[in-house]
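Asker: Turn this into a structure:
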Amino acid sequence: MFELLGLLGITAGQFLTGAGVIGGGIAAKMAMDMDTARKEREKRKANEDYEDMIKKKKQIEVDLFNEQQQRENEGIKKDYEQMQVDKKDRELKEYNLVENVSLNRIDYTGIKAEEFNLLLGHDCNGLPVWGNDTSYIISGSPGCGKTRKLYGVLLNYLVNNQGYVYLTDLKGTDFRMFKDCKNVVKYVDDLVNVSEAVKAFEEEYERRKELFNKANVVDLEAYNKTTQYKLRHFMLVIDEYADISDCYKDRNGRPIGTYADIIRLSRKCRSFGGRIVLATQRPSVDVICGSLKNNTTIVGMKCINGLNSNIMIGTDGCERLAKTEALSVIEGNLMKIFSYRVTDERLAECCLLYTSDAA
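Answerer: Below is the predicted model:
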């Protein structure tokens with residue numbers, strides 16, 4: 001190798017010196033590269049730490065905002081709940097719904113009705129309370145006076161000759177005196193044949209639907225203006241309908257059969273002059289189910305506790321009522337309704353003489 005260097009004119013000292021210079025340059029370059037890589041790693045780590053800090057800061061801000069928002073929402077909820085409580089208390093005081101009573105029980109003697117109005121009772125001043133909704137549920141615990149209230153409702157309907165009645169008396173005794181009355185076109189007194197009354201009511205509904213379609217009208221009033229054969233209203237009355245709700249449910253508790261038919265008809269029969277009035281002494285959620293409650297106005301009479309009262313009318317109060325008193329929402333207002341006093345003598349008289357002349 002030294003011979004080759006000699007031929008090139010390079011001495012051994014010069015070679016060693018040059019090799020040292022080159023090696024030092026390479027070493028210096030490697031040191032610089034390592035230092036640059038170290039700085040880049042430190043810079044990346046600093047950037048990552050900064051980004052993590054920003055994320056943590058943002059998360060803390062979000063958590064604080066959510067906590068504040070949650071506190072505000074809880075405050076709004078509490079304020080709303082308190083407003084609802086205040087509203088209920090105000091209604092109870094304003095309408096004398098619980099504490100005050102009617103000074104006198106008023107005997108039923110027949111009160112002139114107009115059109116679709118149904119006599120629900122009288123107020124604390126003795127004035128009649130009329131119901132213009134399609135369907136009603138009269139509900140309360142045993143002994144609340146439900147049957148006597150229903151007597152007044154049914155009697156006034158017949159006395160004023162307002163229309164036909166399809167009557168189901170599942171106790172078999174309370175409404176037997178109406179069985180042979182004029183305009184009571186169907187009377188059933190057992191659960192086995194209850195579907196007959198509902199079917200007869202539905203057949204009248206279907207008959208009228210066909211007549212209205214042919215006449216190209218949408219309701220009873222329009223139809224009666226187009227023909228000389230006037231149609232009157234028709235009403236399905238079922239006492240103790242809880243027996244029906246018990247028997248006509250599927251495994252999941254949903255209405256089927258006759259019970260489902262009642263709910264369906266309660267949504268559709270108004271335009272054709274139909275109305276459904278149900279009564280029960282079991283004001284529970286399995287009897288006053290949501291699908292039925294949405295299509296009916298509930299007349300809540302005395303019950304056991306506030307829970308049953310809320311099921312019936314959406315607020316407390318019914319548990320503090322006296323016998324024959326009721327609470328119901330009439331034309332958007334919660335009202336206290338008193339039952340007319342129907343004596344056995346008056347009941348027998350009206351069942352024989354129920355025409356408008358007896359009113």
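
Asker: give me the low-pLDDT residue ranges for the stretch 1-150 of the chain?
Answerer: Confidence mapping of the stretch 1-150 of the chain against pLDDT under 70 gives the ranges 1-25, 27-28, 87-104.

Asker: one more time with 90, if that's ok
Answerer: For the stretch 1-150 of the chain, applying pLDDT under 90 flags the ranges 1-111, 113-116, 123-127, 134, 143.

Asker: Equivalent analysis for the stretch 251-359 of the chain, please.
Answerer: Scanning the stretch 251-359 of the chain residue by residue, the ranges that satisfy pLDDT under 90 are 251-256, 267, 282-295, 306, 314-317, 319-324, 329-336, 342-359.

Asker: Run through the helices of it in chain order.
Answerer: Secondary structure of the stretch 251-359 of the chain (DSSP state H, counting those that start in this stretch): helices at 257-268, 290-293, 306-313, 344-352.

Asker: so what secondary structure elements neighbour the longest one?
Answerer: Secondary structure elements in contact with helix 257-268, counted by 3 or more C-beta pairs under 8 Å, 6 or more residues apart in numbering; DSSP states H and E, are helix 194-215, strand 233-239, helix 242-247, strand 274-280, helix 290-293. C-beta: built from backbone N, CA, C; applies to glycine.

Asker: Repeat the analysis, applying 6 Å as the threshold.
Answerer: Using 3 or more C-beta pairs under 6 Å, 6 or more residues apart in numbering; DSSP states H and E, the elements in contact with helix 257-268 are helix 194-215, helix 242-247.

Asker: and the longest one, which residues are buried?
Answerer: Of the residues in helix 194-215, those scored as buried under the neighbour-count criterion (16 or more other C-beta atoms under 10 Å) are 194-195, 197-198, 200-202, 204-205, 208, 212.

Asker: Relative to Glu67, which of those residues is nearest.
Answerer: Val198 (56.5 Å; C-beta to C-beta).

Asker: The closest one and Thr258 touch, don't they?
Answerer: Yes - counting by C-beta atoms under 6 Å, Val198 touches Thr258, with 5.3 Å between them.

Asker: Give me the neighbour count for Pro283.
Answerer: The criterion is other C-beta atoms under 10 Å. On that basis, Pro283 has 26 neighbouring residues.

Asker: Show the contacting residues for it.
Answerer: Applying C-beta atoms under 6 Å, 6 or more residues apart in numbering, one finds that Pro283 lies in contact with 139, 303, 308, 311-312.

Asker: Try it again at 10 Å.
Answerer: Shown here is Pro283, whose contacts under the criterion C-beta atoms under 10 Å, 6 or more residues apart in numbering are 137, 139-141, 144, 242, 298, 300-301, 303-304, 307-313, 318.

Asker: now Thr147
Answerer: Shown here is Thr147, whose contacts under the criterion C-beta under 10 Å, 6+ apart are 138, 171, 174-175, 239-240, 279, 281, 339, 342.

Asker: again, only using 6 Å
Answerer: Residues in contact with Thr147, defined by C-beta under 6 Å, 6+ apart, are Asp174.

Asker: In a helix, it, correct?
Answerer: Yes - note on Thr147: a helix contains this position according to DSSP: H, G, I helix; E, B strand; the rest coil.

Asker: Of the helices of the stretch 251-359 of the chain, which is nearest Arg148?
Answerer: Evaluated over the helices of the stretch 251-359 of the chain, closeness to Arg148 peaks at helix 344-352, with 9.2 Å, by C-beta to C-beta.

Asker: Relative to Tyr157, which of the buried residues of helix 194-215 is nearest.
Answerer: Minimum separation from Tyr157 among the buried residues of helix 194-215 (C-beta to C-beta) is found for Phe201, which lies at 14.6 Å.

Asker: So the closest one versus Asp316, what's the distance?
Answerer: 35 Å (C-beta to C-beta, to the nearest Å).

Asker: swap in Cys289?
Answerer: Cys289 is 21 Å from Asp316, where distance means C-beta to C-beta.

Asker: residues near Leu231, how many?
Answerer: 18.

Asker: Is it in a helix, a strand, or coil?
Answerer: coil.

Asker: Could you report the pLDDT at it?
Answerer: At Leu231, the pLDDT value in this model is 93.

Asker: What are the phi and psi values at it?
Answerer: With angles defined as degrees, to the nearest 10, Leu231 sits at phi -100, psi 140.

Asker: residues in contact with it?
Answerer: Contacts were defined as C-beta under 6 Å, 6+ apart; by that measure Leu231 touches no other residue.

Asker: same deal with Gly145?
Answerer: Taking C-beta under 6 Å, 6+ apart, one finds 323-324, 339 in contact with Gly145.

Asker: and if you look at Leu170?
Answerer: Contacts of Leu170 by C-beta under 6 Å, 6+ apart are 191, 240, 243.

Asker: List only buried entries from the contacts of Pro283.
Answerer: Among the contacts of Pro283, those scoring as buried are 137, 139-141, 144, 242, 298, 300-301, 303, 308-313, 318 (criterion: 16+ other C-beta under 10 Å).

Asker: So which residues of the stretch 51-200 of the chain form strands?
Answerer: Listed in chain order, the strands of the stretch 51-200 of the chain (DSSP state E, counting those that start in this stretch) span 118-122, 128-131, 135-139, 163-169, 184-188.

Asker: The last one: which residues count as buried?
Answerer: This means strand 184-188. 184, 186-188.

Asker: tell me the mean pLDDT over it?
Answerer: 93.

Asker: how far does it sit from the chain's center?
Answerer: 32 Å (C-alpha atoms, centre = their mean, to the nearest Å).

Asker: rewinding a little: would you format the contacts of Gly145 as JSON lines with neighbour count and distance to Leu167 included?
Answerer: Formatted as JSON lines, these follow (neighbours: other C-beta atoms under 10 Å; distance: C-beta to C-beta, whole Å):
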{"residue": "Lys323", "neighbour count": "13", "distance to Leu167": "24"}
{"residue": "Thr324", "neighbour count": "21", "distance to Leu167": "22"}
{"residue": "Ser339", "neighbour count": "29", "distance to Leu167": "19"}
